[in-house]
Structures are given as C-alpha cells and as structure tokens.
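In: Mind folding the following:
(2 chains)
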Amino acid sequence: MKKFIIKHFRDISFKHKLTLIILISCCIALLLAFTNSIIYEFITLRAATVDDLSTLAEIISSNTTAALLFNDSTAGEEILSALRNERYIKSACIYKEGGRIFACYRRDPLHSDFLPYDSGGEEGYHFENEYLFIFHRIIFEGEVLGKIIIKYDMQKMQSRLVRYITIAFTMLVISIVIALLFSRKLQRVITEPIANLAGVVNTISKNKDYSIRVEEDESKDEIGTLIIGFNEMLAKIQERDTDLGSLMEEQRNMKEYLDNIIDSTLDCVIVTDEEGYLTKVNKYFLDLTKYQEEEVVGRHMSNFEPQKNMIYESTTGESISIDKKLHDSTKERMSKLAHNGKLLNWEFFLVDRDKKIIPVEENIVYLYNLQGRIIGTVSILRDITERKKAEKKLSEYQNQLRSLASKLTFAEEKERQRIATNLHDRIGQALAISKIKLAMLQKSSPSDVLAKSLSEVYSFISQAIRDTRSLVMELRPPALYQLGFEKAIEGLVKDFQERGNIQIEYEDDGQNKPLSEDTRVLLYNALGELLMNVIKHAKAHKVKVYIKKEENYIKSVVKDDGIGFDTPDIDSHKFSKGCYGLFSIRERLSYIGGQLTIESVAGRGACVIMLAPLKGYETL
Amino acid sequence: MSKVFKAFFISAVVIVVYVGNVLCVEVDVASEYEVKAAFIYNFARFIEWPDICRREEKKELVLCILGSDPFGSALDIIRNKTIGDKKLVIRMCKDIKNLDSCHILFISALEKERVASILKFLKSSCILTISDIEGFAQSGGIINFVIEENKVRFEINIDAANRAGIKISSKVLKLAKIIKESQSP
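Out: Just a heads-up that it's a prediction; the model follows:
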C-alpha cells in the first residue's frame, strides 16, 4: 500500500504534488487544532459538569440538613424535585447516615434508578458507562447527617461533542476548499518556472539542440538560481558539444585516413581480439580470400587455417596435404608468439572462400592497451604464391644443374680413363717397341758418335715411358681395375695410414657387391677425399672405415674421433665454401640415386655415411 | 454433641435474639418523647437568640422543662450535648418565676391549664417556648409538636418568635406548619 502511494505520488505532476502537499499540511494542521480543541472541550466540559453537579449537591445537601434532622423525607423529596429542571440528572438520592434512604428523585418514576449507599466513595465523583455519579456528604455543624448521590447522564456532553465534531468537520471541508483555491493561485509562482524548465529539458532531449535557453525571471529564489545554473550548464554543454563535434570530426577523418592506409596496403592486415576472433581486416585480405567483410569479422582465426588430414589445392598450382607435422607447425606459431611477443616471417597457409590454400608469410605482434594488458593481435600476411612458384622453378633448375654437373664429372672420369687407356695401350706400347728397336740399333751402331746419340734418344724414350706410366696411374688408379673395389679401398686406406701417420681401421663384410664402374670410381675418389678431410681437419686419433652391403645398396662409412662439427653447417654457405668436397660428393651420389648422411656434433667426432646403389639399381 | 457446644449454641441464640430486640426497640419503636427531645435539640441548632438576651457569656444553653417531666429517660439522648460552643443544660422548673436563665422552655401537656398565663408571663422574653399541647402555637407559643400520620411534626408561630426576638432558620420554617396569629381563631 505504502509503495503504491509513494509510486503514484512520485508519478504525479509537480503542480499536483504541490497542491497535495499544501492540502495535506492544511488538513493535518486543522485536524490537530480541531482534535486539540475537542479534547480540551471534552476535558473542560467534564470538569464543568462535575463542578456544576458538585455545587448542586452542595446546595441540596445544605438545604436538606433540617429535613434530615427533623426526619422529614417529604421535605427532602420536595427539595430534590427541584432537579426536574435538569433533564440529564437521571436520579438523586439522599441517604441517612447508616445507609437508609431518606429521599429520592427519579426522572423516570418507572425506573428504580438509584444507587445503593455504598457505591462510590464518600465524597467526589466517578464515571461509569455513560453516567457521572456525584457523591456529597451532608454535614451539619460537623455532624455527618447523610449522603447525597446524583446520577447524571453524560449524553448531554456526548451530543455537545458530536456537535463540535460536526462543526470541526464542516470547518475542515471549508478550509480545504479555500486552501485548494489559494494553493491553485499560489503554486503557480513555483510550478510555472519549473514547468517551463521541464518543457525546455524535454525539447532539448528530443531535438538535441543545446542552443535553447530557459527564460530567466527576476526571482532570486532557488528556482531562479536553478534556471540561471541550468542555462549556464547548457552553454557549457553547447560549447563542449561543439568541441566534441570537431574532435569527433577530426577523429573520423583520422580513422578514415588510417583505414584508407590499411586498406591500401598490399598485404593482409588482420586484427583479432585476445581470444583470436577477428575484429578488423583490410580490403586486401577480403580480396585475397574472396570473403565479404561481414563473413569474416567475429569469426575465429582458425576458420582461415587449413584443417588436419585434408588435401588442398594451393594457389601455386600443386596440391598440398596437411599432415600432422604441417598442421602442428601452424599451431606452433601461436606458442612462439606467446613466448616472444611477436612472430616474424612465419610461413603458413590461409584458406580462402573456395577452400584453396594460399601460402603466406606472417608477422604477428600483440596489441596492448594503456595498462599493458594484451587486447589482441595484429597480423600482417603477405601472399607468397609467386615467390613459392619461383622457388619451385629455381629448385627445378638447380636439380637440372646438379645432374648436369654430375654428368660432367662422370664424363670427365670416363674421358680420363679413355685417355689413360690410350696412353697405356697405344703410346706406351709404341714407346716400348721404340725403346726395344733403339736398343737393337744401338748395339749395331757403327760409330761411337751415333751410339752416343742413340743412347741419349734411348734415355729420352725411357723417360717418356715412365712419364706415360705415371700419367696413366694418375688418370686411372690401377688397383681399382686390377685388384677390385674392396682391395683398392684397402690399399687406399694403407696408403693414407702411412702418409698421414694415423691409425685407420678397415672392415669389409666380404659380400659380393657388384658396382658399376662409375659408382666404383665415385666411391673410391669420395673415400679418398673424406680421409684427406679427416687428416687435414679432424685432428682425429682413430679412424674407422667400413664397407657393407645393405639390400640393393653399398654402405660406406668413415667414422672418426676428431673435433667434429655441427651438421647444419654443411648446408651453410660458409661450410660449402671451405668444403666443396662434401657438397660435390652428395650431389654426385644423389645423381646416381644414392645419398650422403653426416652424423656429427662439435667435439664428439663425425660419421659420414655414403649409400650408393649396386649395379643395375642406379637411377640413371 | 458435647456440652460445651450445646452451651455455645444456646448462648449464641440468646445473644442474637437480645440484640435483635434491642435494635427493633431503638429503630422502630423510638418513643415519641425521644423524638421530641431530639427535635428540641435540633431546634436549638437552627435558632439564633438575639444579642440583647445577654445570656451568651455563660457558654451554656439552658433547656427548661416546666411542670411534670414527660420525657423521663428520653432526655438522656440530648443530655450533655453541645450546640456550637455551648453546652446544653437541662433544668427542671416548677415555677415560672425561675425561668430567667432558660433559653428553651418546654411546657408539659400537664400544664395545659396554665399555658395562657405562662405565655402571657413570658411575652417578649428571649425564651423559645415549645409544647405539645394542642393549639399551643395558636395561643402564642412558638413551637408546638403535633402528631400527623403517626409522625411527630411541628407548628411554628412566627409572630410569637418575632416577638420573642428569636430567629428561626428558614430551613426549619420550611418543615414546619406556619401559624400566623391573624389566622388563629
């Protein structure tokens, strides 16, 4: 109920509120005044009634002394009968001392309406129900003769009270009406400026026009101050509004400018929130992925990454299968980002609207707020399709080049052997026959001069034969051809052991390992080169060389306990510059379908494994 | 039942009967002269004697009973009472010559024959004359007791009272049957 009243009071207009307050105050004041006067009236009326009746009792008692003393109850009743004029006295009785009734008066003779002698006190009054009882002792010259009891009906007082209340109520109603009329007139002084103010507030909030002002009156009261204050506030708001408008305009321009820059960028720009949901992308990203902006913003970054175990067509033209390793590498980038706070030149794939994957190079940095908390990421992705294509082409060229180089090596080897064979078979033979013929000619020489000249030619030819032999030996190791591959290697090892003053252990599994001539020469030269490297660079004490057959391959291993090196160095520019040999061996091996593996850690020696196909299994 | 209880019961009954009898005698059968004695005492309380009577100094109010005494022991109820600061003194008089000190004179009915001469003798003295002789007030006495409906009432002769210089309270007058000498036969 109370809530209801408060709610309704709150919602009514200020004007009515004021009227209501005036009326309520008026009512309360009047009610209090009326109540006060009624209570006062009641109390005084009662007191006056008691006083009047006491006086009456006093008069009667003084008048009845003689009657009592002379036991003349008729006289007593006569005196009491005078009470007939007072209509509210219901009954009165005079008792003799001791309690006997001496004389009685009853307004209604049919009612035996009197009180017994002992009811109430000796002197005074009491109220019972609607009656007032007065007790008065009749005393004559100090002798108590008896008692008079008067019963008075308070109805008179009640009817007077009712009359008072009626008058009060009527006065209240009249007062309310007058107050209402006055308050209507007077409240305007307050409500009109406020209503005016409220109207202006409404207009402002509706039209957002802060140039409107409330009309100021001359009053210096709170409302006048309020209106002045309100107008000042409006002026300030207007000023701030203008400032804000220009600031916003500036900001809008700046944003447009920045957006323009981002959209003009020829890389994808992606902004995500801290959970990886896209908040902004630039035009290039949309063009690249063929998505609409509304399809992209709000989605998670993972929606644009390739899924595991799927095969995608790439913009490079090849089809790429997303195996676990590839998939994990895309995941790895986020942990790297978390670890370093940024990610540079990371290659991964973007999936476009047609489920095609685009190779991209990504740079990601975290976006921080002013408090230094991460609020997202900014990624710049560069489409590297063309680069990938070029790389692929380059790789193909390189392969071609490599096989050409290998072919050239093999051709050179062949040429050396042909030259060696020719030197040995033709020139060597011719020189040997020439030497024999010259020796015969020398024996049969007629003159010493001639003999001397022949001897000189003989020594020249002998020298030529020796040079030819050593040339042949150089061009074609004879052991390789005369003793077979394994023995030739053994010889090679022995040779290095002696030359290098180093302990080299050699082991062969003894199985038949048929090799083509090219392979044989390749492996022989390669082993020689590897051992030379060990002696030159490894600072090793012990070297082990072993050869064994493994399925269709021959495995040749050179293992040392030297200083070793870090494997990634082999591919580096630095390494290949100094050790062209290893690079060349690898190239030549891969050309025939074999491979070179190096297992080494700096400080712990090295192990070079060469795998070459047996005869008939080469790729050529 | 024990003898003690019997004795107690009998004595209880005797006491109740006796007390009941005494009460009845006092309340209902109060003798006429007891009432008259009480009335005489009450008259004294409502009456003022004039200053010229000069009998105040003695601090006593004298009730004289002339002739034979009809009250007997009835006077005991008013004996030794006081009126204001004056003591009520009762005196028996045989001769009318000895009435100077009397404030109230009750003339017994036996003096019926002498009433006229007594009243004549007492004319304009300060004595309140009371009697119960029929026609006493009419004959010039001040107060006369009469029996009406078995009750003692009284008549007052105001003229006689005025003559005697005695002021009787209106309260008493209101109760009395007023006799005026002009009305008297």
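
In: And the residue in the stretch 401-550 of chain A that chain B sits nearest to, how far from residue A:618?
Out: Using Cβ to the nearest Cβ, the closest approach of the stretch 401-550 of chain A to chain B is made by residue A:550 at 152.1 Å. Quick note: C-beta positions are derived from backbone N, CA and C, even for glycine. Applying Cβ to Cβ, to the nearest Å, the value for residue A:550 to residue A:618 is 16 Å.

In: Would you confirm that residue A:602 contacts residue A:562?
Out: No - at 10.5 Å, residue A:602 does not count as touching residue A:562 under the criterion of Cβ atoms under 8 Å.

In: if you count what's nearby, which of those two comes out ahead?
Out: Using other Cβ atoms under 10 Å in any protein chain shown, the more surrounded residue of residue A:602 and residue A:562 is residue A:562, with 21 against 12.

In: what lines up beside the helix or strand harbouring residue A:380 in the sheet?
Out: For residue A:380, the host element (DSSP states H and E) is strand A:374-383. Using DSSP bridges, the strands paired with strand A:374-383 are strand A:268-273 (antiparallel), strand A:356-368 (antiparallel).

In: Near residue A:66, how many residues? Count them for me, please.
Out: Using other Cβ under 10 Å, residue A:66 has 26 other residues around it.

In: Helix or strand for the closest residue to it other than its chain neighbours, just tell me which one.
Out: Using Cβ to Cβ, 6 or more residues apart in numbering or on different chains and skipping residues adjacent in sequence, the residue nearest residue A:66 is residue B:171, 3.5 Å away. Taking DSSP H and E as the criterion, the element that holds residue B:171 is helix B:170-175.

In: mind saving the C-alpha coords of that helix as PDB?
Out: C-alpha atoms of helix B:170-175 as PDB (Å, rounded to 0.1, in the frame of the first residue of the first chain):
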ATOM      1  CA  SER B 170     -35.800  29.200  57.100                       C
ATOM      2  CA  LYS B 171     -34.800  25.500  56.800                       C
ATOM      3  CA  VAL B 172     -36.800  24.700  59.800                       C
ATOM      4  CA  LEU B 173     -39.600  27.000  58.800                       C
ATOM      5  CA  LYS B 174     -39.800  25.100  55.600                       C
ATOM      6  CA  LEU B 175     -40.500  21.900  57.500                       C
END
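
In: ok, back up a step: average model confidence for the following helix or strand past the strand holding residue A:380?
Out: Moving toward the C-terminus from strand A:374-383, the next helix or strand (DSSP H and E) is helix A:385-422. Averaged over helix A:385-422, pLDDT sits at 86.

In: that older thread, counting neighbours, go ahead and name the busier of residue A:550 and residue A:618.
Out: Set side by side, residue A:550 and residue A:618 show more neighbours around residue A:618, with 17 against 12, by other Cβ under 10 Å.

In: pLDDT score for the more buried one?
Out: Predicted confidence (pLDDT) for residue A:618: 79.

In: pretty sure it is touching residue A:591, no?
Out: No - using Cβ under 8 Å, residue A:618 makes no contact with residue A:591, being 9.1 Å away.

In: Reformat the strands paired with strand A:374-383 as JSON lines; add mean pLDDT and mean neighbour count.
Out: Shown next, in JSON lines, are the strands paired with strand A:374-383 (pLDDT from 0 to 100; neighbours: other Cβ atoms under 10 Å in any protein chain shown):
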{"stretch": "strand A:268-273", "mean pLDDT": "92", "mean neighbour count": "20"}
{"stretch": "strand A:356-368", "mean pLDDT": "91", "mean neighbour count": "18"}
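
In: and residue A:479, which of these is closest to it?
Out: strand A:356-368 (52.8 Å; Cβ to Cβ).

In: hmm, who's touching the closest one?
Out: Strand A:356-368 has contacts (Cβ atoms under 8 Å, 6 or more residues apart in numbering or on different chains) with A:268, A:271, A:288-289, A:306, A:312-316, A:320, A:333, A:337, A:341-352, A:374-385, A:388.

In: Give me the phi and psi angles of residue A:305.
Out: Here is the backbone geometry of residue A:305 (degrees, to the nearest 10): phi -110, psi 150.

In: where's it relative to chain B, distance?
Out: Using Cβ to the nearest Cβ, to the nearest Å, residue A:305 is found at 129 Å from chain B.

In: and the residue of chain B nearest chain A?
Out: Nearest residue of chain B to chain A (Cβ to the nearest Cβ) works out as residue B:171 at 3.5 Å.

In: That residue contacts residue A:70, correct?
Out: No - with contact defined as Cβ under 8 Å, residue B:171 does not count as touching residue A:70 (9.2 Å).

In: that older thread, for ChimeraX, what selects the buried ones among the contacts of strand A:356-368?
Out: Per 16 or more other Cβ atoms under 10 Å in any protein chain shown, the buried members of those correspond to this ChimeraX selection:
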select /A:268,271,288,289,306,312,314,315,316,320,333,337,343,346,348,349,350,351,352,376,377,379,380,381,382,383,384,385,388
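
In: Which residues are in contact with residue 154?
Out: I'll assume chain A. The neighbours of residue A:154, taking Cβ under 8 Å, 6+ apart as the test, are A:49, A:88, A:127, A:130-132.

In: sorry, should have said chain B
Out: So residue B:154 contacts A:70, B:39, B:143-146, B:175-177 (Cβ under 8 Å, 6+ apart).

In: and the helix holding residue B:171, which residues are buried?
Out: Of the residues in helix B:170-175, those buried (16+ other Cβ under 10 Å) are B:171-172, B:174-175.

In: now swap in stretch A:286-301 and tell me
Out: Under the neighbour-count criterion of 16+ other Cβ under 10 Å, stretch A:286-301 has A:286, A:288-289, A:291, A:296, A:301 buried.

In: Please apply the same query to stretch A:234-253.
Out: residue A:234.

In: Let me know the helix or strand that the spatially most central residue of chain B is in.
Out: Note on chain B: the residue nearest the mean C-alpha position is residue B:40, at 2.9 Å, using Cα atoms, centre = their mean. Per DSSP H and E, residue B:40 falls inside helix B:32-46.

In: The helix or strand following that helix pairs with which strands, parallel or anti?
Out: Per DSSP H and E, the first helix or strand lying C-terminal to helix B:32-46 is strand B:47-48. Strand pairing for strand B:47-48, determined by DSSP bridges: strand B:167-168 (antiparallel).

In: Pull the distance from the partner strand to the chain's centre.
Out: Remark: strand B:167-168 is offset 16 Å from the chain centroid, using Cα atoms, centre = their mean, to the nearest Å.

In: Which one of the contacts of residue A:154 sits in the busiest neighbourhood?
Out: residue A:132 (22 neighbours).

In: quick one, what contacts that residue?
Out: So residue A:132 contacts A:46, A:49-50, A:53, A:125-126, A:151-152, A:154 (Cβ under 8 Å, 6+ apart).

In: Which secondary structure state is assigned to it?
Out: What DSSP: H, G, I helix; E, B strand; the rest coil gives for residue A:132 is strand.

In: Quick check, pLDDT for residue A:114.
Out: Residue A:114 carries a pLDDT score of 63 in this model.

In: quick one on the thing from earlier: just to check, the residue nearest to the centre of chain B is in contact with residue B:107?
Out: No - the criterion here is Cβ under 8 Å, and residue B:40 misses it with residue B:107 at 11.8 Å.

In: For chain B, give me its nearest residue in chain A.
Out: Going by Cβ to the nearest Cβ, chain B is nearest to residue A:66 of chain A, at 3.5 Å.
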